[in-house]
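[1] The amino acid sequence is not available; the structure is as follows:
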C-alpha cells in the first residue's frame, strides 16, 4: 500500500522541522554528507585540475604547468590519429567482450539453472576468476598464451589443431585480450543472471506452460523481459569497466603488437605517464568522460527511473 | 522459472557443458597454483610439464627473499579499512537516497558518473594532493600521504563508493518501509532505527557490497603503483618486483600470486552464500 | 481525543489518497475504519501514527497539534497490514522489540512475551524466524507486537484479515475483550463488513479518500447515508432495484424496472424530489414463497444458491435485476425455479442520486 | 469437457520426507464444480498441480475421461488454471495476456482480436485492455486471469484460491461471477481454497483434505450437517463449530454428557459410548434456554452485533462457545446464560486432539 | 606507523656493524630506487659494505624495469625527496639532467678522477656525460653482443652443410648478411635433424626481442649504427631511410625467429635459448651471459659462446647511478654513488655475477679465470666491444627528449615487425612522433665530452 512522505506540488518533500530534533530532510542530507564530502573533494578536485590542465601547455618533464593555450590541446587531440585508433580499439573490445560475456553468461546461467546437482560447487568455482587481480592472473594468461611454452598451444598441438600466436598476431591479439576478459567476467554475468533466474516468480511460467507456449515464446515474452532490469544493470557495469580497460592490456600485450590492442586508457597512460603530456592526457580524459556521460544519460535513464519509481512507490 | 523434466541425453549434454565451463574458469588458477610448486627447470619448458617434483622454494623466495607477506599484510590493512569506510559511508548515503529520495536522483546520477572517469586521468592529481597532505601535520598524523596507507584508503574509498552506493540503494529499497515505521512507533529515533532495524535487515546486501569492494580494493593496481613506493605497496605492485633483469621469475611470481589470490579466494568461498543471496541487486522483482 | 481536521494527503502529483478528512476519535473508543482497498484507511492510520505527514490540514490530540511530534514520541502502537516483522529476529525478539526499545527489564519482557504468545496461540513458535511462519502466524505475531506494550492509542491495520475462519473468530472476540479491559483508544481498519460491525464502537466508512459516514454500527447498518455505505455494510450486500413512483387514483405505487408494481402507503413518496429512485433491500428482510399470496407479490426465478452454513443466500432474478435473499439452510432451491418474492415497503431504503432519502424504522433492542 | 478420476494418487517431493499427498482416490464428473478445501499444507495444491500436469505424479494415476494422463504434458491436457497470485504475464498488456493462449496456438490476428474483445466484453474488461498488468486492482487482475484461462475453452478449469484477496463486496461479486462462468461454459471446475465459505457457496461437491489425505467428500450440506470427523466439523462453518470436551456417562440406561461440573441428557438417537468424548455443536444449533430446563450454564464474554444477527461469545467452564441469536438479544457482560442444544443436531467425536491441532493455521 | 618503526629498528639492528663509530639514530637515511632483480639483491651486500664505512642507512626500492622511468619521474616532478639515488637508463640521462631532476657530480668527482677514468670511455660518454657535466657513475652495463650455441657452430656436419649451401664457412657472423644466412640455416621444423639428431620441436636460427618493449630498438641500434647512421641526425631529425632499411632487414630476420619473438623481450629469448629452441641471438644484452650459460645444463651437449655483434657496432647501455636534486642528503648520496661505482664494490658485484662497468675489473685476472666462466665469460668480449666502439656517440642519448623517444619508438617499430604497417610507414610514423615529442627537430647537446 502506498505510504509516506510528502511530495506536494513540486514533488519536493515538504517536511519541516519537527519538535523531535532535525527534520527528515536535514537528516537525509546529513546521511549523505560524509560520502558526498569525500566524493566532492576527491572527484571534483582532480576533475577541476584536469579541466584546468587541458587549457594549458603541461609537460611534466618540461617545466610542468605552463602557459594558457586555449583550445589547442582539444584541437591536437581531435586530430590525433592514435587517439581515434585507440577509441576504435576500445569500442571493438567493449562490443566483443561485453557481448560475449553477456551471451555466454546468460547461456551458462540457463545451463546451471536447469541443473539439479552440484550447483553450489559450480557456483563457487565460477566465482574464482572474479576474485583474482587482472594484474596478477593476466600474467599467467601471458604464460598460457605463449606459443612455445604455453599450455593452450600445447593442447591445440596435441589435438592437431593450428597453434596461433595469441598475443603476437595482429589479427588475433585483441581477441586474446577479449578472451581473457571473458574468462574473468563471464562468471560475474552468469552468477547474476542465475540469481535473477532463480528469483523469477514461478506462476507465470506455469501459466505459459498450461497455455502451451513454445520455449521460444516463453523466453521472448516472459524470461528475458522479466530479467531485463538485472541484465541491463550488468550490461552497464560491464560496459563502463570495459571502456576503462587497462590492467589486462598492460599485463598481456602492453598495447601491442604495434597498436592493435592499444585501448583508450592505455593510450592515456602512455601519454600521461610515459610522455608526461598531462595536457593531452587531461584533454582526452575529458573527452572520454564527456562521451560516457552523454551515453549514460541515455543508458542510465531507465535505471534511474526504476530507482525513482521505487522510491516514490515506497514513500 | 519452470523446470520441466528433460530427456536424459540433454541432461548429459548439460553436465558436459557445465564441466567445460568449470574447467575453463578454474584452469588458469589451477595452472598458477601448479606453477608455484614447480622447480625453475620445469617452468618455461616446452612442452609444458604436468608432472614434476614439487618444491616450496618459490614460496621461500617470495616470502623470505622478497618479503612478500608484507605486501599481503599491507593489502589486507588497506583493503579492509577501505571496505569498512565504503560500507559505512555508502550505507548511510544509500539509505538516504533509498528512503528519502534525496536530491531526486540527480545526486545519485552525479555519484554514478564519477565512476566513469578513467582512473589514469586522476592518478597524477591524486599524487600531488597526497604529496601536499602528507607534508602537513594532520597528514602525518593520519598517515595520509605518499607511501602511506591513508592515501590508498581514501582513494579506494572514493573509487568504490559510487558502485557501493548503487548496489546498496536497491537493497535498502527492498526493506519494507513499515519495518522502520513500526520501530519508530516503538520509540526508536531515526538513527537508532537505522542501526537496529535497517542495517541488520540489509545485511545480505551490505555483505555483497563489502565482498565486491574488498575484491576491487585487493585487485587494484594503478593507485597502489603510483601512490606507494615500497613500505605500503600492495600485492599487485609487489608482484612487479619479480619482473627482474633476469626476466620474470615465474616460480616465485606464481607463489606470490597464489599468496595474493588465496585470501580472496577463501574469503569469497566463505561468503558465497551471501553473494548468491545478494547478487541480483534487488533488480528482479515479480 | 484525536482530531483530524480537514486533512488531505497527496502522493506524487496526482494521487489524492485522502481528501479533506474530518474525523474525531474519542478517548477509549474502538473506532473501525472500514472501506475497500485504496479507500485511504491505512494512510489515515499512518497519519495518526506520524509516519505519514498530511499534505495539508492538522492532526490534534487533546487540542494540541501532533504534527511536530515524531512517531516515537506519540505513545502509539501500530500493527501493520503487511506484518512488518523483523526477519532477522526470532518471534520472541520481535515481540520483545517494543519492550526492549523502552528499556524494560529482561525478566518482565520474558513474562510479557510468554503471556501474549499464549493469548495468540503461538507459544510454540517463539524461537522461529518470521520467514518460517505462515501468513496467519505472522499476522498474530504482528498483532502481538502491537499490543504487548501499553500505549495511549493502538492502531491496527487489518490485524486479523489473513487468519482462517476459526482463528479470526477467536481473535475477534479477544480484541473485543481487550478493548473492554484496556483503557486505550483503538483504531482498526478492515475490509470485512462482519469485522467492522462486530468490533467497532463507531465505524468510519471511507471510499476513495473521502469519509462517507461516521457512526455507530446501528447507524451505519440501518441508516446508511448513501448507496455506497448501504451496499458496503452488511452481508450479503444490500440489493438495489430501480423504481419509479406512480400515483394512480390516490394510491401510490412503485413501478420496478421489471414492470411490476409495488403498492406503497400514501405519503410514502413525500420526500422524493422526482419520481425515479433506487430501492435498497437487505437480504434478511425479504421473504419468498412457492406461490403468490397477497404479500408475495413479485414473481422471480432462482438464479444462484449459496449455502453459507447457517443460512442459504439465494440470488433471484427480477427481470434484469438480481435480488439476494437469505433463507434457512433447510430450504432447498434449484436455479431456474420460479418463486414469489415479498417486498415490504416499510423495510425499504430509498436512494436518489446515490444519497439516502428515507430508511425503514430501526428495530428496537431489548 | 472431461471427467477426472484419480486413483491411489501420491505426491512425494523429497524421498525421505512424508508425502504431500498420501494416496487419494476421487472422481469428478464432467461439468461438475468441485472444491478442494483444506488448511495450508494439506496437499490440496499438490493435488491440483498434478491434475494440471505441473507436478509429476509419484504414484497412482489420473485419468481424464478414462484416459491415463500421467505422462501427458501440461500443455496437452487442455487444462486452464487461474492462480492465487494471478500469474499474469507482467511484461505484456492486458490484451496480450488474454490473447496469449491463442497466439501460442497460432490463431490469426483477426480471430484473436475477435475472441479477446468478446471475452473482455463478458468479463467487463473492455476498458482495461490497454493497461499494463501492474496497474490493475486485485479484482481486475483476477478477472484478467480468468479471461485468459477461459479464452482457451478448456476441458478442465482449475482455480487456485482465486478470491482470497478481495473485500467483502468484491467477494460476493466474484463468487457470483465464477458461478455464472460455470453455468455458461459448463466446464469441469476444480476450486482449491482454504476458505470454507467459498467452498460451501460455490461447489457442487467438496473434497476436504488434511495432511495429504481426503477427510470427506460430499455436498456442502453433507459436509456441514454431517461432518465425518472433528477436523471436518471444525474446519467448516462460520462462525466455527463449538467443541465441548466432556464425558459420556450412563445413568439409568440413558446417556448423559458431563462437562464443567454440569451434565445433561443426550437424545436417544445420538450414538454414544461411555467415556471421554468431544461434543460438537454449531453456533446456529444453539439457542438461549433457561435454568429451569436444565440447560447448559454459561457466562457471557462478549457479543458481536452484526445487526441482522448477534454472535454471543460465552464461556462454558473454560471452553469458549459461540451461538447465534436474534439481533435483539444483548446480554450484559458476565451475565449467566443457559444454552439449549438442538436435540437433532448434536455431534460426538472421540477426544482426539491431534486432529484439531492440524488446522492450527491457514494460508 | 608502529610497524614501519619496528621494521626500521630490526633492520638497523641487523645492519649496524661496529666498524664505524656511528649511532643508529645518527645514520642518514638514503633511498635508492632501482631495478628489481638478482643484481639488486647482490647490491644489498654492497650496501652493507657502504653502511659499514659511512654513517648512513640505505633503503632499496625495487621497481619493474618497464615502470622505473615513470615512477622516478613522478617523484622527481613532485620533488618529494622520496628517492635520493636514482637508477637511469642511458636514454634517460639527458632528460633528468636537463630537467634538473638530478645533480651534476662533476665537482664531486673532480678529485676522484681515477674513478671516472676506470669506466670504459665509450660507456662513460654514453651514460654519464651531458652538457659538459658528469651526472653520476654507471654501475652496470647491458652492452650488446651475440650469444650463440657454440656447439652448433662447431659441429662438423653442420659446418659442411652450411658451406655447401652458402659457399663460405660457418662461423660467428661478422656482418649482418652472414647473420641472416646463419639464422636461415639453423631454422628447422620438428622432425628435421640438428647436429645429426632428430628435432622433437621446431628450432629457430635466431631469438629476437620484437615484443612490445623498448628492446626492439636496442636490437635495431646495431644495424643502424653499423650502417654509419644514427636514429637522429645532427639536426635532431629521424634518419628515416636508415630506419626503414634496418627495419626491413630485421623483419626479414623475423622469419627465422620463434613466433613468440613478437611478444617477448630478453627474458623470453633467454627462455627460448635455455629450452633449446634457438641457435643464437641478435644484438643481445651480454649481461645475460650468466643466465644464458645455464643452457649448458638444460640442453644436453650445448656449449655457449659470446661474440661481438656483426659489424662491430652494438648498443651500449648502462645504468647510471645519479643523485636526485630533491635529495635531502646529496653529499651522502654522492658518496654512495662513488662507492657503488668504485672498484671495491664493482669487484664484489662482478664476483656475484654482475656485469661491471670498470675496465680494471673487467680485466681482473682473478675474476676472468676459466673456472669463473659462468659469471665472467663475457668480460673479454665486452672489452673488445668497448674498444671497437671507442669514441662513438649517439644523438639519441644527447637529446633531453631521449627518454620519451625511447619510450615511444618501439610502437611503430613493433607495429612494422608484427605486420600492422610497412617499414616505410613505420619510419615515417617514427619521424612524426619524434617531431611531435620534441616539438620540431630535437635539440642535441653537442659537447658530450
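    Yep, that arrived. All figures in this text were calculated on a predicted structure; none of them were measured in a lab.
[2] Okay, buried residues for stretch C:356-363 please.
    If you call a residue buried by 16 or more other CB atoms under 10 Å in any protein chain shown, then stretch C:356-363 has these buried ones: C:356, C:357, C:359, C:360. The C-beta positions use only the backbone N, C-alpha and C, and glycine is treated the same way.
[3] Could you give the separation of it from the chain centroid?
    Relative to the chain's own centre, stretch C:356-363 is displaced by 20 Å; criterion: CA atoms, centre = their mean, to the nearest Å.
[4] residue contacts, residue B:48?
    A:149, A:150, A:151, A:154 (CB atoms under 8 Å, 6 or more residues apart in numbering or on different chains).
[5] close to chain C, is stretch D:84-102?
    No - Stretch D:84-102 lies out of reach of chain C by CB under 8 Å from any CB of the partner chain, never closer than 11.6 Å.
[6] Please look at residue E:120 and residue E:356 and confirm they touch.
    No - under the criterion of CB atoms under 8 Å, residue E:120 is not in contact with residue E:356, lying 9.7 Å apart.
[7] Inside helices: which ones of the contacts of residue B:48?
    Judged by DSSP state H, the contacts of residue B:48 include A:151, A:154 as members of helices.
[8] near chain B, from the contacts of residue B:48?
    Applying CB under 8 Å from any CB to the contacts of residue B:48, those adjacent to chain B are A:149, A:150, A:151, A:154.
[9] closest to chain D among those?
    Closest approach between the ones next to chain B among the contacts of residue B:48 and chain D, by CB to the nearest CB: residue A:151, at 42.9 Å.
[10] Give me the secondary structure label for the nearest residue to that closest one once chain neighbours are set aside.
    Among residues not flanking residue A:151 along the chain, residue B:48 sits closest, at 5.0 Å (CB to CB, 6 or more residues apart in numbering or on different chains). Classification of residue B:48 using DSSP: H, G, I helix; E, B strand; the rest coil returns coil.
[11] which pair in the buried residues of stretch C:356-363 spans the largest distance?
    Pairwise distances across the buried residues of stretch C:356-363 peak at 12.4 Å for C:357 and C:360 (criterion: CB to CB).
[12] tell me which of the contacts of residue B:48 is nearest to chain C?
    Taking CB to the nearest CB as the measure, chain C lies nearest residue A:151 of the contacts of residue B:48, at 47.1 Å.
[13] Next, the contact list for the closest one, please.
    Contacts for residue A:151 were tallied using CB under 8 Å, 6+ apart; they are A:144, B:31, B:48.
[14] Can you check the pLDDT for the last one?
    Think residue B:48. For residue B:48, the model assigns a pLDDT of 86.
[15] Neighbours of residue 107, how many?
    Reading this off chain A. Burial of residue A:107 is recorded as 16 neighbouring residues (other CB atoms under 10 Å in any protein chain shown).
[16] Chain D, not that one
    By other CB under 10 Å, the residues close to residue D:107 number 15.
[17] Excluding chain neighbours, what is closest to it?
    Nearest residue to residue D:107, sequence neighbours excluded (CB to CB, 6+ apart): residue D:115, at 7.7 Å.
[18] Hmm, residue D:102 and the one you found touching each other?
    Yes - with contact defined as CB under 8 Å, residue D:115 counts as touching residue D:102 (6.3 Å).
[19] Name the residues contacting each of the two.
    residue D:151.
[20] what ranges of the stretch 151-300 of chain A fall below the confidence cut-off?
    Within the stretch 151-300 of chain A, no stretch has pLDDT under 70.
[21] ok, now with 80
    Low-confidence segments of the stretch 151-300 of chain A (pLDDT under 80): A:256, A:296-300.
[22] can you list the residues of it near chain D?
    Residues of the stretch 151-300 of chain A lying close to chain D by CB under 8 Å from any CB are A:201, A:203-204, A:206-214, A:217, A:221-222, A:225-226.
[23] Need the buried ones from those selected in PyMOL.
    Of these, the buried ones go into a single PyMOL selection, burial set by 16+ other CB under 10 Å:
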select buried, chain A and resi 201+203+204+206+207+208+209+210+211+212+213+221+222+226
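[24] Narrow the residues of the stretch 151-300 of chain A next to chain D to those in helices?
    Mapping these onto helices (DSSP H) picks out A:203, A:204, A:206, A:207, A:208, A:209, A:210, A:217, A:225, A:226.
[25] from memory the last one sits against residue A:200, does it?
    To tie it back to what came earlier, the one meant is residue A:226. Yes - counting by CB under 8 Å, a contact exists between residue A:226 and residue A:200, whose distance comes to 5.7 Å.
[26] Next one: the closest residue to residue D:45 other than its chain neighbours relative to chain A, how far apart?
    Closest residue to residue D:45 apart from its sequence neighbours, by CB to CB, 6+ apart: residue D:192 at 6.1 Å. Noted for residue D:192: a distance of 14 Å to chain A, by CB to the nearest CB, to the nearest Å.
[27] Then residue D:3?
    19 Å.
[28] So what does that residue look like in phi/psi?
    With angles defined as degrees, to the nearest 10, residue D:3 sits at phi -100, psi 160.
[29] before we move on, the earlier item: so what's the residue nearest to residue D:107 up against?
    For residue D:115, the contacting residues are D:102, D:107, D:151, by CB under 8 Å, 6+ apart.
[30] Same list (those residues) but as JSON lines, adding pLDDT and secondary structure.
    What follows is those, written out as JSON lines (pLDDT from 0 to 100; DSSP: H, G, I helix; E, B strand; the rest coil):
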{"residue": "D:102", "pLDDT": "93", "secondary structure": "helix"}
{"residue": "D:107", "pLDDT": "91", "secondary structure": "coil"}
{"residue": "D:151", "pLDDT": "90", "secondary structure": "coil"}
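[31] Can you pull the residues of chain E lying near chain C?
    So chain E never meets chain C (CB under 8 Å from any CB).
[32] Can you list the residue ranges for strands in chain E?
    With strands called from DSSP state E, chain E shows them at E:28-35, E:56-63, E:85-88, E:129-130, E:133-134, E:137-141, E:144-149, E:193-194, E:197-198, E:204-207, E:278-281, E:284-285, E:304-307, E:318-323.
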